[in-house]
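J.: everything below, folded, please.
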Amino acid sequence: MSSAMLYVFWVSIAALAYSQFGYVAALAAVSRFLRWPVQREPIRPFVSLVLPVHNGDSQISRKIGNLCALNYPSDRLEIIVVDDCSTDSTLARVACACSTRASQLDISEPCLAPPIRMVRLPRWSGKAAALNVGLKIAKGDIIGFTDVAAILDAHALAAAVERFADPTVGCVSSEDEIERAGGIAAGECLYSRLETLARRYESDICCATGCNGSFYLVRRELCTPFPLDVATDLFSALHCVNKGYRAVVEPEAKVRLAAQPIAAHEFERKVRTMVTGLRALAYFAALLNPFRAGLYSVFLACHKLVRYLTPLFAAAALTSTVYLAFSIPVFRWLFYFEAALLCIGSAQIVIQTLTSKRGLAGLPAFLCAATAAAAAAWYRYMTGERYETWQPTDRRTV
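T.: Numbering: from 1, shown residues only. The predicted model follows:
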């Protein structure tokens, strides 16, 4: 029995290490000798940027200003703001931003800034529904999707668009830069950096297994209405690959985001992201077949499925450690170490929830919250819970 538990322990630990760090290291090694270059040219097609927003009055003015300041020809760009039945002053702030922008323009030069189109949904319908409305009225050859909390670098759009000079490219993703912060946000920053590296290496080798939801671009002919209960960024990437195109990452297209310092909010965000991600993956389950998708199926299995199974591996590692601690002294000390990490992380979550203090134990708290969120996501997915409406992540400062 001890030998079986040893096997369970080492397999679980190896799976946990691989899902968090080993996969990125393996991609880095493979990318040194296996690469698929992407052609780029200084092209400037007409782009429609779709911006869904729900109760975003604290961020919408700055977001519109950010989009209007992009280094991209204003006559080749339109901004579509889709208000998902906000109950705050989002509409008024959009109108104010538009009127302020108009008053600053020289009437003899009407194309100094891109046009802004505003649509309001009659009822709270969710992010996917808002994006679908934007798609219906978009005029661009390239459709961009961006979040209200994301601040784009001035040249991010131009850099991403140039990747479409390659006819094999279907969608182009940006890269997040999350501000440093203490507490659980420190763990989010580390996770984001690892996720960014994984997607960049996947893109260099063949195709990325997802897009950065805060800003990405898709060819118009590859834009299909989103199912209402899926992760739209993952759906877009998988849909492009399923149609025979590549999903790539543009490292020069940077997006700045504030970290989420509140444990409860980060927990709910991760649950929602994983449930909708599982549903998006289910739509394209055929891409997990190596005889159909080749190397990309391995990427999907390693990057998505193994990471989604983190709660199973964590539970197996802890259970086997407890069993082995009764007969092998070193596992007794290992159990003490695991218990200490669990207690520190749990205490950090409680402290943040009750006092809003960030503290020093950010990584243990993040790992505890992420593992618990993955377990909760599996339960909600299996019980059929859906996330059609949304509560955007509150990232107030950058």
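
J.: show me the shaky parts of this protein.
T.: Confidence mapping of the chain against pLDDT under 70 gives the ranges 1, 98-113, 180-188, 260-263, 349, 351-363, 390-398.

J.: one more pass at 50, please.
T.: Low-confidence segments of the chain (pLDDT under 50): 102-111, 359-361, 397.

J.: now the residue of it positioned farthest from its centre, nearest residue through space, not along the chain?
T.: Here the chain has its C-alpha centre computed as a mean, and the residue farthest from that point, by C-alpha atoms, centre = their mean, is Ser327 with 43.7 Å. Closest residue in space to Ser327, ignoring its immediate chain neighbours: Ser2 at 6.0 Å, by C-beta to C-beta, 6 or more residues apart in numbering. For the C-beta atoms, the positions are set from N, CA and C on the backbone; glycine is no exception.

J.: and after the helix or strand where Val249 lies, which helix or strand comes next?
T.: Per DSSP states H and E, Val249 falls inside strand 246-257. Following strand 246-257 in sequence order, the next helix or strand is helix 263-283 (DSSP H and E).

J.: so which bits of that next one are buried?
T.: Neighbour counts using 16 or more other C-beta atoms under 10 Å place 263, 265-281 of helix 263-283 among the buried residues.

J.: how far away is the residue farthest from the centre of the chain from Ala314?
T.: Distance from Ser327 to Ala314, counting by C-beta to C-beta, to the nearest Å: 22 Å.

J.: ok, now Arg76?
T.: Counting by C-beta to C-beta, the gap between Arg76 and Ala314 amounts to 49 Å.

J.: more neighbours: these two, which one.
T.: Ala314 (23 against 18; other C-beta atoms under 10 Å).

J.: now do the helices in the stretch 151-300 of the chain.
T.: For the stretch 151-300 of the chain, the helices defined by DSSP state H, counting those that start in this stretch cover 156-161, 184-205, 232-242, 263-283, 290-293, 295-300.

J.: just the stretch 1-150 of the chain next, same as before
T.: If you assign secondary structure with DSSP H, counting those that start in this stretch, the helices in the stretch 1-150 of the chain sit at 2-17, 23-30, 60-68, 90-103, 127-137.

J.: what angle do the shortest one and helix 184-205 make?
T.: Using axes from the mean of the first three to the mean of the last three C-alpha atoms, to 10 degrees, the direction of helix 23-30 lies 30 degrees away from that of helix 184-205.

J.: chain center to helix 23-30: distance?
T.: The offset between the C-alpha centroid of helix 23-30 and the centroid of the whole chain comes to 20 Å, using C-alpha atoms, centre = their mean, to the nearest Å.

J.: which other residues reach it?
T.: Residues outside helix 23-30 that contact it (C-beta atoms under 8 Å, 6 or more residues apart in numbering): 18, 194, 197-198, 201-202, 205, 302-303, 306.

J.: send the alpha carbons of it over as CSV?
T.: Output of helix 23-30 as CSV, limited to C-alpha atoms (Å, rounded to 0.1, in the frame of the first residue of the first chain):
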residue,chain,number,x,y,z
TYR,A,23,4.9,23.3,-19.2
VAL,A,24,6.4,26.7,-19.7
ALA,A,25,9.9,25.3,-19.3
ALA,A,26,9.1,22.6,-21.9
LEU,A,27,7.7,25.1,-24.3
ALA,A,28,10.8,27.3,-23.9
ALA,A,29,13.0,24.3,-24.8
VAL,A,30,10.9,23.2,-27.8
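
J.: Ala130 and Val161, how far apart?
T.: Taking C-beta to C-beta as the criterion, Ala130 is separated from Val161 by 23 Å.

J.: what's the answer for Leu51, then?
T.: Between Leu51 and Val161 the computed distance is 17 Å (C-beta to C-beta).

J.: next: His265.
T.: Look at His265 and Val161: by C-beta to C-beta, they are 33 Å apart.

J.: list the residues that contact Tyr191.
T.: Taking C-beta under 8 Å, 6+ apart, we find Tyr191 in contact with 366, 370.

J.: distance-wise, check it relative to Leu27.
T.: As it turns out, when the distance is counted by C-beta to C-beta, Tyr191 lies 16 Å from Leu27.

J.: correct me, but Ser2 touches Ser320?
T.: No: no contact is recorded between Ser2 and Ser320 when judged using C-beta atoms under 8 Å, the distance being 9.8 Å.

J.: looking at those two, which one has more neighbours?
T.: In terms of neighbours (other C-beta under 10 Å), Ser320 is the more surrounded of Ser2 and Ser320; the figures are 22 against 13.

J.: skipping adjacent residues, who's closest to the more buried one in space?
T.: Distance criterion C-beta to C-beta, 6+ apart; nearest residue to Ser320, sequence neighbours excluded, is Phe9 at 3.9 Å.

J.: what's the neighbour count on the one you found?
T.: Neighbours of Phe9 under the rule other C-beta under 10 Å: 20.

J.: if I look at it, how far off is Thr371?
T.: Using C-beta to C-beta, which is the criterion applied here, Phe9 is 17 Å from Thr371.

J.: repeat for Asn132
T.: Relative to Thr371, and taking C-beta to C-beta, Asn132 is found at 33 Å.

J.: now do the closest residue to Ala95 other than its chain neighbours: how many residues are near it, please.
T.: For Ala95, the nearest residue in space outside its immediate sequence neighbours is Met118; the separation is 7.8 Å by C-beta to C-beta, 6+ apart. Counted with other C-beta under 10 Å, the neighbours of Met118 add up to 14.

J.: hmm, Met118 is touching Ala92, no?
T.: No: with contact defined as C-beta under 8 Å, Met118 and Ala92 do not form a contacting pair (11.4 Å).
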